[in-house]
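*Asks:* starting from these lines, generate the structure:
(one chain, ligands or ions: 1)
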Amino acid sequence: MRNTTSRGILERLAQGVVLGAEGYVFELERRGYIKAGPYVPEVVLDFPDAVKELHREFMRAGSEVIVALTYYAHREKLKDVGRQNDLEELNRRAVRLANEVAREGDALVAGDICNTWAYDPQNAKETSIIVRAMYEEQLTWAVEEGIDFVIAETNDYLGEALIALEVIKELKLPAMVTLASVQHNATRDGYDYVEACKILADHGADIVGLNCDRGPATMLPIIEKICATVSCYVAAQPVPYKTSALAPTFESLCTPDGEQAFPIMLEPFLCNRFEMAAFARKAQALGVKYIGICCGGAPHHVRAMAEALGRTTSASKYSPAMELHPMLGAQVDDRDKEFLADWKS
Ligand SMILES: [Zn+2]
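*Replies:* I've put the predicted structure just below:
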């Protein structure tokens with residue numbers, strides 16, 4: 001069934017920043033519903049209520065877009081876990097779940113396609129046919145179930161992103177295409193990220209930018225250049241991790257023992273809500289119009305980002321009120337002051 005909202009994505013973007021939220025796969029893995037490693041969203045079929053609950057939490061926290069959990073729900077990945085026969089049902093159900101929750105608020109529903117691991121720039125002609133067929137089948141089901149626009153995300157290759165864009169445009173839907181930025185400066189098929197975004201914009205993408213891999217500190221400098229180069233809307237959906245010049249992506253973060261922290265030992269590097277709020281403000285100042293979060297993101301981050309953008313969300317009713325804390329509040333009596341001294345020693 002078609003989700004009906006008062007305004008589509010392009011109308012909303014024309015009026016200001018749209019806040020999105022992703023990171024479903026990481027969060028549902030932490031909650032015990034997705035297996036780390038393959039990261040296939042079997043949860044859509046096995047525990048649909050868990051998916052709906054997370055959609056709802058992100059929406060309450062201020063996300064205006066419910067992204068159908070079809071990340072890695074493509075033919076190649078389902079084969080890896082022996083569930084290729086569930087392909088269509090999983091894709092359809094994911095969009096249905098997103099619509100059910102979006103109807104509880106005024107959120108848009110985005111179809112989602114992603115990196116396939118099937119594209120090979122050395123063999124672009126042959127692999128493009130395979131990738132295109134995968135995107136076509138996923139998006140045909142998504143359109144039948146009802147979506148407002150499509151997010152093609154975590155694209156390692158410009159070539160693959162362009163196939164996604166072509167398929168979305170054939171369906172006459174608004175297209176948001178964002179690149180992964182694991183490499184230092186360029187996509188895996190050798191295009192500078194800024195140049196790649198320009199090419200996507202020139203090919204008709206409505207929104208271009210980056211998602212995943214980089215935290216705010218190392219994503220924003222590239223985003224700034226993208227904003228200065230393209231005339232379409234720009235999206236920034238970083239991971240909420242403290243990446244730096246030495247470790248610019250979350251894949252490159254290491255524990256003190258020198259072990260790779262990605263993907264399931266990243267907690268010590270997690271950004272707090274204030275850092276993600278600061279990111280939202282900086283992105284807005286740069287002119288980013290689709291501000292979001294990727295792997296590692298949780299509802300408390302999204303609420304802080306929404307509030308940093310001047311919004312009050314359903315979850316804001318329970319936003320921190322430290323002045324009411326028995327020890328941290330203003331009305332701490334003498335007895336508690338002594339107790340408090342122990343906290344600080
Ligand atoms: Zn991600």
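
*Asks:* going forward, measure contacts between C-alpha atoms and count neighbours the same way
*Replies:* Fine.

*Asks:* count the residues that sit near residue 50.
*Replies:* Neighbourhood size, residue 50 [other CA atoms under 10 Å]: 16.

*Asks:* that one: what's it in contact with?
*Replies:* Neighbouring residues of residue 50 by CA atoms under 8 Å, 6 or more residues apart in numbering: 28, 33, 43.

*Asks:* that one sits in which helix or strand?
*Replies:* Here residue 50 sits within helix 48-60, counting by DSSP states H and E.

*Asks:* and that helix, which residues are buried?
*Replies:* Residues 50, 51, 52, 54, 55, 56, 57, 58, 59, 60 are the ones in helix 48-60 that count as buried (16 or more other CA atoms under 10 Å).

*Asks:* re the thing from before, closest one of the contacts of residue 50 to the ion?
*Replies:* Using CA to the ion, residue 28 comes nearest to the ion of the contacts of residue 50, at 12.7 Å.

*Asks:* need the residues of the stretch 101-250 of the chain near the ion, please.
*Replies:* With CA under 5 Å from the ion as the criterion, the stretch 101-250 of the chain meets the ion at residues residue 212.

*Asks:* what's the separation between whatever residue of the stretch 101-250 of the chain ends up closest to the ion and residue 284?
*Replies:* Nearest residue of the stretch 101-250 of the chain to the ion: residue 212, at 3.8 Å (CA to the ion). Here residue 212 is placed at a distance of 18 Å from residue 284 (CA to CA, to the nearest Å).

*Asks:* what about the two, which has more around it?
*Replies:* residue 212 (27 against 18).

*Asks:* pretty sure the more buried one sits against residue 292.
*Replies:* No: look at residue 212 against residue 292 with CA atoms under 8 Å: they stay out of range, at 10.1 Å.

*Asks:* quick one: contacts of stretch 153-164?
*Replies:* Defining contact as CA under 8 Å, 6+ apart, one finds that stretch 153-164 is touched by 112-115, 119, 121, 124, 128, 131-132, 135, 152, 177-182, 187-189, 191, 196, 200, 203, 210-212.

*Asks:* restricted to helices, list those.
*Replies:* 124, 128, 131, 132, 135, 196, 200 (DSSP state H).

*Asks:* the third one touches residue 119, doesn't it?
*Replies:* Yes: the criterion here is CA under 8 Å, and residue 131 meets it with residue 119 at 6.5 Å.

*Asks:* sorry, back to before: in JSON lines: the ones in helices among the contacts of stretch 153-164, plus neighbour count and distance to residue 234.
*Replies:* Below are the ones in helices among the contacts of stretch 153-164 laid out as JSON lines (neighbours: other CA atoms under 10 Å; distance: CA to CA, whole Å):
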{"residue": "124", "neighbour count": "14", "distance to residue 234": "27"}
{"residue": "128", "neighbour count": "19", "distance to residue 234": "26"}
{"residue": "131", "neighbour count": "23", "distance to residue 234": "25"}
{"residue": "132", "neighbour count": "18", "distance to residue 234": "25"}
{"residue": "135", "neighbour count": "23", "distance to residue 234": "23"}
{"residue": "196", "neighbour count": "24", "distance to residue 234": "13"}
{"residue": "200", "neighbour count": "25", "distance to residue 234": "11"}
